[in-house]
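Q: build the 3D model from these lines:
(2 chains)
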Amino acid sequence: MNIDSIQNGIVIDHIQAGNSMSIYQLLHLDRLACSVAIIKNCKSAKMGRKDIIKIDEDFDVNLDALGFVDPNVTVSVIRDGQTVEKRKISPPERIVNVIRCNNPRCITTTEPGLDHIFHLADAARGLYRCVYCDAAKQ
Amino acid sequence: MIKHLNDIQDLSSDQIEQLIALAEDMLADRAKYQSALAHRTLATLFFEPSTRTRLSFEAAMLELGGDVIGFADPNSSSATKGESVADTIRTVACYSDIIVMRHPKEGAPIAASLRSPVPIINAGDGGHHHPTQTLADLFTIRREKGRFEGLTIGLCGDLKFGRTVHSLIHAMARYEGVRFALISPQELRAPDYILEGLRTRSNVSYEETDSLESVVPRLDILYMTRVQRERFFNEADYVRLKDSYILTLKTLADAKDSLTILHPLPRVNEIAVEVDDDPRARYFKQMYYGKIIRKALLAAMLGVAP
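A: Numbers count the residues shown, from 1 in each chain, chains lettered A, B, ... in the order given. Got it, this is the predicted structure:
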């Protein structure tokens, strides 16, 4: 299977197999007018299987959102067909308006205009907690 | 001193010691502080019912020479018209120097503090935190035991929704050699985030049990709590669990003579009335100390404490 290489844009690589659609939705890639390729379950020497997303446009990737969903991904910036930058992702200490708190007792369920903020409570487990009510998200 | 008090963890151990020292001085010489907060106004915003917390804050402010405004029933405020917490706070901050707030939603005081130019004190946010009750608990423990370190504390009842329990565990977990006995039915065990905090600390230990009788002989402090009817979505669950523990003189037969029995109050029936006259019962003294430590907190947060 061949996917054209991109000239200017972003490649999100080393996505855990099966996670690409979550990332697609989280980064709102459906709103882009450019070509976006989702490559699922391709072979990887390091991971066995992985997903890749190629975005044919320079795009400001929300690294915090990526770090929350899959901190092992790599993000490459492509200019004139060459990789000019590789960004390693790590779990962010804080994520703002990436996910919503599901606790019905949390103030975020009723208060308008309040940012949904989570902090990294346990890096080893990838556990985040709502800063308002401490409800967990993993 | 801190700008806002949402969680007992907002206060360092040194700041807690400063508040206790100030409260001791206020106990010793009430007249010395009778005008400390003159021309200052406290707003008490209680979106949920309260007797002790609201009245003790109001009494504290009055004893310091200050004034009090506020509401004790959200039905008498614009909250019933759908006004947000942020807008309520913006409004009340125009009329007051410090705000004490109780709200049924967890994290509401944080939302308030984001929009408030004046200090916000959390007087209970749902089943989450109740830091000023914890200050009352700590002041009582210090007066009764003379120390925090090395105590064995039994927390009994509704550990899931009991916000005073969560705040007290956070506070006591700082001290060396504290042992927690967490006594509750399976359904009302302490939340994961509380237990996680204990597991990461090497200075304290804890056990979970559903048997009050089995741990009573080892306890230095027994902290009883009410099953929080207002936090249940299902009344049948409340009815099934509400009588899980009833402390009687018989339960206390094997307890230490030096045991201190505390309760944040109100109680329903988890402490039999016969226990009230036992010298180990200190929960009525505890609520008196609550007023004193709240005086110290108001003075410190308004920056007028000597």
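Q: the closest residue to chain A within the stretch 101-250 of chain B: neighbouring residues, count only.
A: Closest approach between the stretch 101-250 of chain B and chain A, counting by CB to the nearest CB: B:Gly107, at 2.5 Å. Using the backbone N, CA and C atoms, a C-beta is placed for each residue, glycine as well. Here the number of neighbours of B:Gly107 (other CB atoms under 10 Å in any protein chain shown) works out to 31.
Q: and what of the one 5 residues further on?
A: B:Ala112 is surrounded by 29 other residues when neighbours are defined as other CB under 10 Å.
Q: could you do B:His263 as well?
A: For B:His263, the count of nearby residues is 25 (other CB under 10 Å).
Q: that one contacts B:Leu222, doesn't it?
A: No: with contact defined as CB atoms under 8 Å, B:His263 does not reach B:Leu222; the gap is 9.0 Å.
Q: returning to that earlier point: for the residue of the stretch 101-250 of chain B closest to chain A, which non-adjacent residue is spatially closest?
A: Closest residue to B:Gly107 in three dimensions, ignoring its sequence neighbours and counting by CB to CB, 6 or more residues apart in numbering or on different chains: A:Tyr132, at 2.5 Å.
Q: OK, contacts around that neighbour?
A: A:Tyr132 makes contact with A:101, A:106-108, A:114, A:117, B:106-108, B:110-111 under the criterion CB atoms under 8 Å, 6 or more residues apart in numbering or on different chains.
Q: determine which two of those residues are furthest apart.
A: Using CB to CB, these reach their maximum pairwise distance at A:Ile117 and B:Ala108, which is 14.5 Å.
Q: what does the model give the residue nearest to B:Arg267 when sequence neighbours are not counted for pLDDT?
A: Counting by CB to CB, 6+ apart, B:Arg226 is the residue found nearest to B:Arg267 once chain neighbours are left out, at 5.9 Å. With respect to pLDDT, B:Arg226 scores 86.
Q: for B:Arg226, give me its contacts.
A: Counting by CB under 8 Å, 6+ apart, B:Arg226 makes contact with B:157-158, B:162, B:263, B:266-268, B:270.
Q: the more surrounded of A:Ile117 and B:Ala108?
A: Neighbour count, other CB under 10 Å: between A:Ile117 and B:Ala108, B:Ala108 has more, with 29 against 20.
Q: how far away is the more buried one from B:Ser202?
A: Shown here: B:Ala108 relative to B:Ser202, a distance of 34 Å by CB to CB, to the nearest Å.
Q: now swap in B:Tyr95 and tell me
A: For B:Tyr95 relative to B:Ser202 (CB to CB), the value is 48 Å.
Q: in terms of neighbours, single out the busier of these two.
A: More neighbours surround B:Tyr95 than the other of B:Tyr95 and B:Ser202, with 12 against 7 (other CB under 10 Å).
Q: quick one: contacts for the more buried one?
A: Here B:Tyr95 is in contact with B:41, B:43, B:69 (CB under 8 Å, 6+ apart).
Q: and for the second one, nearest residue in space, chain neighbours not counted?
A: For B:Ala43, ignoring the flanking residues on the chain, the nearest one in space by CB to CB, 6+ apart is B:Ser96 at 3.7 Å.
Q: look at that neighbour and give its secondary structure.
A: Three-state call for B:Ser96 (DSSP: H, G, I helix; E, B strand; the rest coil): coil.
Q: list phi and psi for the residue of chain A found nearest chain B.
A: Across chain A, the shortest distance to chain B (CB to the nearest CB) belongs to A:Tyr132, at 2.5 Å. A:Tyr132 adopts backbone torsions of phi -90, psi -50, taken as degrees, to the nearest 10.
Q: any low-confidence regions in the stretch 1-150 of chain B?
A: Residues of the stretch 1-150 of chain B that meet the criterion pLDDT under 70 lie in B:76-81.
Q: now do the strands in it.
A: For the stretch 1-150 of chain B, the strands defined by DSSP state E, counting those that start in this stretch occupy B:41-46, B:67-71, B:98-103, B:120-125.
Q: distance to B:Gly177 for those - can I get that in CSV?
A: Formatted as CSV, those follow (distance: least, CB to CB, whole Å):
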stretch, distance to B:Gly177
strand B:41-46, 38
strand B:67-71, 41
strand B:98-103, 34
strand B:120-125, 29
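Q: as TSV, those with mean neighbour count would be great.
A: Below are the strands of the stretch 1-150 of chain B laid out as TSV (neighbours: other CB atoms under 10 Å in any protein chain shown):
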stretch	mean neighbour count
strand B:41-46	23
strand B:67-71	17
strand B:98-103	26
strand B:120-125	28
